[in-house]
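1. Sharing a model prediction with you, sequence too.
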Amino acid sequence: MEFDPIFLSRIQFAFTISFHIIFPSLTIGLASWLVVVEGLWLKTRDDTYQDIYKLWVKIFAVAFGMGVVSGVVMSYQFGTNWSVFSDRTGNVLGPLLAFEVLTAFFLEASFLGIMIFGWGRVTESMHFVSTLIVALGTVISAFWILAANSWMQTPTGYEISATHIFHPADWVDIIFNPSFPYRFMHMVTAAYLTTAFFVGGVGSWYLLKKRFIPQARIMVGMAMLMAIFVTPLQIFLGDLHGLNTLKHQPLKVSAMEGIWETERGSSLILFGWPDSYREETLYSIKIPSLASLILTHDVQGKVQGLKEWPKDQRPPVLQVFWSFRIMVGIGLLMLLTGLMSIWLYFKGGLFSKPWFQRWCLVMTPSGFIAILAGWFVTEIGRQPYIVYGLMRTSEAVSPVLGQHIFLSLIAFIVVYAFVFGAGVYYIFKLIDKGPTASLNKEEVYGFPGLNLET
Amino acid sequence: MFDFSSFLDLPLLWAGIIALAIFLYVLLDGFDLGVGILFPFAPSDDCRNRMMSSIAPFWDGNETWLVLGGGGLFAAFPLAYAILMPAFYIPIILMLLGLIFRGIAFEFRFKAKGKMQKVWDYSFHFGSLSASLFQGIILGSFVEGITVEGRSFGGGSFDWLSAFSMMTGIALVFGYALLGSTWTIMKTENKTQEWARQSAKYILIYVALFMGLVSLWVPFLKDQIFERWFALSNLMYLFPIPLITALSFICLYRALYKKREILPFILSMSLFSLGYVGLAISLWPWIVPYQISFYQAAADSKSLSLMIIGVVAFLPIVLGYTVYSYYIFRGKSTYQHEY
């Protein structure tokens, strides 16, 4: 068996980052939502909101904890597995990551303690401020990490020395590189939608089981508001992001669309099987001229095919093509859910139709799948480069033996499976127990070691 | 583009910032890793609950200093980061896995009952223990020196494995256990406190032995370290360090016997500080020991300048709310906190 350090490091990074991104996706959304819920409670003094807060802050804590432990791993993997990349790009990317730690991680970590354990130790308004600060921290964190990622996609504001080291030339150009605003908006919105469908799914499950009805109605109602208003916004942002990619990484878009030949009036391939050896998309179902219309906003617009580029510059087409379809498909299902909820609302059955509740239950993990699929599109679509067009992934790897990377990969898979299994199990248990805490206002909450009943 | 290199020694400043971040990490995560190391030896589940409660609001913030240490090294000394991380590939991965088991135990332990709770107790303990051990091993092999080829690590996969690094690994476990036990004295009462005090007395003996051993061994690892400590011109300035260290040991021993509650923790921290200063003196000016100085490994001065702005603007705030968070959760870790 061949232990290729490049391949194994790529798999290890893909595995650990995919695992990691699930948790920030949920915590970015949950933190902002918890601000709204706590704010509503402080404003209305309706304890239903407090119940919701107390349930979801526990789930937030579990997700945040798993995000932290999997995130620490990420901050060391650049060096352990991609040391040449670290050496060459450190001048540019290092400061962005350092700013993430300084402006976001500490903020989140310190105020999270108050948010979870601070009841009764700080005033109500200070507690609210802590929740707000944690939410702000999650978005600031996303800002920096997406700036760094986007720079790897569309590098600007740099100089390269004779020794192939990247040096900064203009920080504004580095941070606000061409794809960053789109990727940042698209990702934060995705996190909000993911949370909405997760919360909506849980609420629907309560409705289906006829438990915690008042709290569940608020969860489902707020989730559907997000589905109605934010899904169309997300589709619009996604389109802008796509056009931006077309401008800066046209090759990636050709892979997303499975288009091999450059032509005018290019057809949109709905489904098919891109074959990199035969250089064509097999069994394709096409709509004539639609690809040109979507990408160039002109029926006779010219769309570049993959064959425009040498084979050794093309990304793996099959994975990009299908990941893109999964992401878009889920987006459309989210839109459909929003439309169904409008219809049911005016018919007067939003909270009483079991078929709709089951549908929402099915949609519970949809956002996570869409986010992973979206990242697969953008990251696999960047290959074979690690810094697009400038540095190849194969040049970036550490001088570590393949066998050791293989063993560490196995260790990560085993440990993460265990951790993830336990995390999901306890989140399910928290959900199953539901927002019962405020039934007894004196009940001790949150501080480990006390709520053994949880 | 702004560049402060004309009037600031940026690499020196950054070496100081990274050293501070790692030092704060060692002190802060040191005590909660130490609590994890001592965890299964506590006399009862009630004690364990109190011990865990005492660190639960802090561990996440404490661990963030490790991210700043790693991220800061990447940002300020990318060359050193690129050489050191592959050099310590195996112990770093094992340390990270240890930290995972430690970190998740906080969330899961109190949601579990019966046997499962025991599983998370051990996850907490062995996670803390292995993270500490491998941190000590990394430190030891760092002090022993790194093989470099060009701009990369050029040594073997198991260079980090040596008698000296094993010794420093075990030494750090005892060091963290001392911080953990004195923290527990400060944050608990009655039975838990009494047990922690008893433990601290034993641990202190081991810490004294290991600190002595390290102090005697390190100067003989490299001639330059020997010369730095024992050259007559330096001896004058440096001899107070071992002297104050010895004094701290005596004071700590007395403080434990006099049943002081806060002083032992402060003295344990001062022991760590002295050990840290000692190592810094030995290793100056190397960031990849005996191969690359921190001046050689420094990032572009424009990168360092930008980050200086970040540090000046945010580090005081970070320190401020870290202190605020410790203030909020001051006092004894009680069994019950009201909602």
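-> Cool, got the structure. Residues are numbered from 1 along each chain as shown, chains lettered A, B, ... in the order given.
2. Please, which helix or strand holds whatever residue of chain A ends up closest to chain B?
-> Nearest residue of chain A to chain B, counting by C-beta to the nearest C-beta: A:Gly90, 2.3 Å away. For every residue, glycine as well, the C-beta is placed using N, CA and C. Using DSSP states H and E, A:Gly90 falls within helix A:83-100.
3. what about the closest residue to B:Ile244 other than its chain neighbours, neighbour count?
-> Leaving aside its chain neighbours, B:Ile244 sits nearest to B:Leu274 (6.2 Å; criterion: C-beta to C-beta, 6 or more residues apart in numbering or on different chains). By other C-beta atoms under 10 Å in any protein chain shown, 21 other residues sit near B:Leu274.
4. Surely A:Tyr283 forms part of a strand?
-> Yes: the assignment for A:Tyr283 is a strand, going by DSSP: H, G, I helix; E, B strand; the rest coil.
5. Surely it is in contact with A:Gly272?
-> Yes: using C-beta atoms under 8 Å, A:Tyr283 makes contact with A:Gly272 at a distance of 5.5 Å.
6. Please list the residues of the stretch 101-250 of chain A that sit near chain B.
-> Residues of the stretch 101-250 of chain A found near chain B (C-beta under 8 Å from any C-beta of the partner chain) are A:101-103, A:105-107, A:109-114, A:116-122, A:167-171.
7. quick one on the thing from earlier: which residues does the next helix or strand after the helix holding A:Gly90 contact?
-> Next along the chain after helix A:83-100, taking DSSP H and E as the criterion, comes helix A:106-117. By C-beta atoms under 8 Å, 6 or more residues apart in numbering or on different chains, the residues outside helix A:106-117 that reach it are A:57, A:61, A:64, A:68, A:121-122, A:126-127, A:130-131, A:133-134, A:136-138, A:140-141, A:446-447, B:56-58, B:60-61, B:63-64, B:68, B:314, B:318, B:321-322, B:324-325, B:328-329, B:337.
8. same deal with stretch A:343-356?
-> A:Ser204, A:Leu207, A:Leu208, A:Ile213, A:Ala216, A:Arg217, A:Val220, A:Gly221, A:Met224, A:Met340, A:Ser341.
9. Then stretch A:156-170?
-> With C-beta under 8 Å, 6+ apart as the criterion, stretch A:156-170 contacts A:87-89, A:91-92, A:95, A:155, A:171-174, A:177-178, A:387, A:390-391, B:1, B:300, B:302-303, B:306.
10. what's the answer for stretch B:18-33, then?
-> With C-beta under 8 Å, 6+ apart, stretch B:18-33 has contacts from B:55, B:58-59, B:61-63, B:65-66, B:68-69, B:72-73, B:76-77, B:102, B:128, B:131-132, B:175-176, B:179-180, B:182-183, B:265, B:269, B:272-273, B:276, B:280.
11. Looking at A:Tyr283 and A:Gly272, which is more packed in?
-> Taking other C-beta under 10 Å, A:Tyr283 and A:Gly272 do not tie; A:Gly272 has more neighbours (19 against 9).
12. circling back: separate out the buried members of the contacts of stretch A:156-170.
-> A:87-89, A:91-92, A:95, A:155, A:171, A:174, A:177-178, A:387, A:391, B:300, B:302-303, B:306 (16 or more other C-beta atoms under 10 Å in any protein chain shown).
13. Sketch out the low-pLDDT regions of the chain for me.
-> Because you didn't say which chain, this covers chain A. A:1, A:437-454 (pLDDT under 70).
14. Oops, wrong one, chain B.
-> Across chain B, the ranges flagged by pLDDT under 70 are B:334-339.
15. can you tell me if stretch B:135-147 touches chain A.
-> No: no part of stretch B:135-147 sits near chain A under the criterion C-beta under 8 Å from any C-beta; the closest distance found is 10.9 Å.
16. buried set for that stretch?
-> So, applying 16+ other C-beta under 10 Å, buried residues of stretch B:135-147: B:Gln135, B:Gly136, B:Ile137, B:Ile138, B:Leu139, B:Gly140, B:Ser141, B:Phe142, B:Val143, B:Glu144, B:Gly145, B:Ile146.
17. just stretch B:221-235 next, same as before
-> So for stretch B:221-235, counting by 16+ other C-beta under 10 Å, buried means B:Leu221, B:Lys222, B:Ile225, B:Arg228, B:Trp229.
18. Off-centre distance for that stretch?
-> Centroid separation for stretch B:221-235 versus its chain: 25 Å, with C-alpha atoms, centre = their mean, to the nearest Å.
19. which residues sit against that stretch?
-> So stretch B:221-235 is contacted by B:143-145, B:164, B:218-220, B:238, B:281-284, B:290 (C-beta under 8 Å, 6+ apart).
20. Just to check, A:Phe128 is in contact with A:Val36?
-> No: A:Phe128 sits out of contact with A:Val36 when judged by C-beta under 8 Å, with a separation of 11.0 Å.
21. In terms of packing, which of these two has more residues around it?
-> A:Phe128 (18 against 14).
22. Does the residue nearest to B:Pro91 when sequence neighbours are not counted lie in a helix or a strand, and which?
-> Of all residues not flanking B:Pro91 in the chain, B:Phe134 sits nearest, at 4.4 Å (C-beta to C-beta, 6+ apart). Here B:Phe134 sits within helix B:114-144, counting by DSSP H and E.
23. now do A:Met66
-> With DSSP H and E as criterion, A:Met66 is part of helix A:47-81.
24. packing partners for that helix?
-> helix A:5-44, helix A:83-100, helix A:106-117, helix A:213-248, helix A:402-433, helix B:59-76, helix B:78-87, helix B:89-109 (3 or more C-beta pairs under 8 Å, 6 or more residues apart in numbering or on different chains; DSSP states H and E).
25. and with 6 Å instead?
-> helix A:5-44, helix A:213-248, helix A:402-433, helix B:59-76, helix B:78-87, helix B:89-109 (3 or more C-beta pairs under 6 Å, 6 or more residues apart in numbering or on different chains; DSSP states H and E).
26. The third one versus helix B:114-144: what angle between them?
-> In this case it means helix A:402-433. 150 degrees (axes from the mean of the first three to the mean of the last three C-alpha atoms, to 10 degrees).
27. The residue nearest to B:Pro91 and B:Ile92 touch, don't they?
-> No: at 7.5 Å, B:Phe134 does not count as touching B:Ile92 under the criterion of C-beta atoms under 6 Å.
28. Kindly tell me how buried the residue of chain A closest to chain B is, as a neighbour count.
-> The burial count for A:Gly90: 29, using other C-beta under 10 Å.
29. Report the contact partners of it.
-> Going by C-beta atoms under 6 Å, 6 or more residues apart in numbering or on different chains, A:Gly90 touches B:Phe74, B:Pro78, B:Ala299.
30. switch the cut-off to 10 Å
-> A:78-79, A:97, A:165-166, B:73-82, B:297, B:299-300, B:303 (C-beta atoms under 10 Å, 6 or more residues apart in numbering or on different chains).
31. Against B:Gly72, how distant is it?
-> For A:Gly90, the distance to B:Gly72 (C-beta to C-beta, to the nearest Å) stands at 11 Å.
32. what do these two both touch?
-> Taking C-beta under 10 Å, 6+ apart as the contact rule, A:Gly90 and B:Gly72 both touch A:Leu97, B:Tyr81.
33. what's the closest non-adjacent residue to A:Ile145?
-> A:Ile145's closest residue in space is A:Glu100 (C-beta to C-beta, 6+ apart), at 5.8 Å.
34. Pull the contacting residues for the one you found.
-> By C-beta under 10 Å, 6+ apart, A:Glu100 lies in contact with A:Ser75, A:Ile140, A:Ser141, A:Ala142, A:Phe143, A:Trp144, A:Ile145, A:Leu146, A:Ala147, A:Ala148, B:Val67, B:Gly71.
35. who wins for neighbours among the residues you listed?
-> Busiest of the contacts of A:Glu100 [other C-beta under 10 Å] is B:Gly71, holding 27 neighbours.
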